[in-house]
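**Student:** coordinates for the following, if possible.
(2 chains)
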Amino acid sequence: MPGLMLAFKPIMSRARQSGSSTVWALLLFSTLVLFGATLYAIFVLAPVEQQMGIAQKIFYFHVPSAYAMYIGFGTSAVGSLLYLIKRDAKWDAVGVAGAEVGFLFWLIVILTGPLWARKAWGVWWTWDPRLTTTLLAGMIFAAYLALRSMGEAGEVEKRFAAGLAIFGLIDLPLIHYSVQRWRGVHPTVITGKGGGLESEMYVALGLSFVAFTGLAILLLWARITVERQRARTAHLRFELMHQ
Amino acid sequence: MRAPVIAFATAMAILSPPLVNAQAPDEPAATTESATDDPADERAAQFVGVTGAETERIPGGTLMLAAYAIVWILLFGYLFRMRMMQRQTADELRRLGAEIKAPGGS
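**Tutor:** Below you'll find the model as predicted:
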């Protein structure tokens, strides 16, 4: 059957595939080097904070993880929106990959934050606006992933999940601006005014931000590839069953 | 006529305990004042020496190690999950391909 044979045709041509492999390898190598440099900057260059002690070093992975979470959830919302407009399976794959990668970084944020808070605030959790809105974002995308993990998603499930991801996008600016608009206890050391960190601390944090960006892109790339492969397999299985 | 009387009696019952209590601390208050003439002495007396090994009440090092361990465990766990997913899909694609190429397949 020509349709089935066509489905086996790789998405990218061989030349494009080898080009992508080179970019992939370069990105992977740069990210690994950056992670090495980040760890050096965190544990050797950056000083120990006066009040919080060594527990403050959690901050160098916690904040960039939150930023990577924004990348993941944002990608999911954009992919979902494009899927709803164009009904193209590749955008659905982008939506799923973004939600999953964003959720991974959300887990890192929500688990490392309390470990820092225990030392800084004396409590594991408090209903601060930023913490609450972050929890809400996680719950929205957990619902998205739960919906998509119930067997093979049909068109209705895909559209409903896409709607959830777009709804989740509304929460992201709320997380970001909650510390400025509402009273809370969450620190705001990274502001436009500056002066919140020592210069070595900025170096460590800056490197970590770049490393986490590379990591988020790599994970998204890999997950999108897997999701598209899964979609092709599901399509083939469907065609084989109904031929 | 009876209602205002009951209301007055209830209000007195509610209000009376604080009034009694408010009068009571007069005598002990004078005693406390005489014991702490200088507030600075009071604050200095609050320092308490550590008994046994000197340790932080909330161990920052342990919390930091736990946080970094969580990051790496989650990250490698996710990579492992993705690898498994990729392997499963590749196996299924191969199986379906063989099914199509087999005689009687499409």
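**Student:** looking at the chain, which helix or strand is least sure?
**Tutor:** With no chain named, the answer covers chain A. The least trusted helix or strand in chain A, going by mean pLDDT, DSSP states H and E, turns out to be helix A:2-7, with a mean of 44.
**Student:** hmm, I had chain B in mind actually
**Tutor:** Least confident helix or strand of chain B, by mean pLDDT, DSSP H and E, is helix B:26-35 with a mean of 45.
**Student:** max-length helix in chain A?
**Tutor:** Assignment by DSSP state H gives helix A:199-241 as the longest helix of chain A.
**Student:** centre of the chain to that helix, how far?
**Tutor:** The chain centre lies 8 Å from the centre of helix A:199-241; the measure is CA atoms, centre = their mean, to the nearest Å.
**Student:** and it, anywhere near chain B?
**Tutor:** Yes. Against chain B, helix A:199-241 shows contacts by CB under 8 Å from any CB of the partner chain at A:215, A:219, A:222, A:223, A:226, A:229, A:230, A:232, A:233, A:236, A:237, A:240. Every C-beta, even on glycine, is put in place using the N, C-alpha and C of the backbone.
**Student:** same for that helix, what does it pack against?
**Tutor:** The contact analysis (3 or more CB pairs under 8 Å, 6 or more residues apart in numbering or on different chains; DSSP states H and E) places helix A:199-241 against helix A:2-7, helix A:14-40, helix A:59-86, helix A:89-120, helix B:60-101.
**Student:** quick one: mean pLDDT over that helix.
**Tutor:** Averaging pLDDT along helix A:199-241 gives 91.
**Student:** same check on stretch A:110-130?
**Tutor:** Stretch A:110-130 comes out at a mean pLDDT of 92.
**Student:** list of residues touching that stretch?
**Tutor:** Contacts of stretch A:110-130 from elsewhere in the structure, counted by CB atoms under 8 Å, 6 or more residues apart in numbering or on different chains, are A:51-53, A:55-56, A:58-59, A:61-62, A:65, A:131, A:134-135, A:138, A:175, A:178-179, A:181-187, B:58, B:60, B:63-64, B:66-67, B:70-71, B:74.
**Student:** just the buried ones from these?
**Tutor:** Among the contacts of stretch A:110-130, those classed as buried by 16 or more other CB atoms under 10 Å in any protein chain shown are A:52-53, A:55-56, A:58-59, A:61-62, A:65, A:131, A:134-135, A:138, A:175, A:178-179, A:184, A:186, B:60, B:63-64, B:66-67, B:70-71, B:74.
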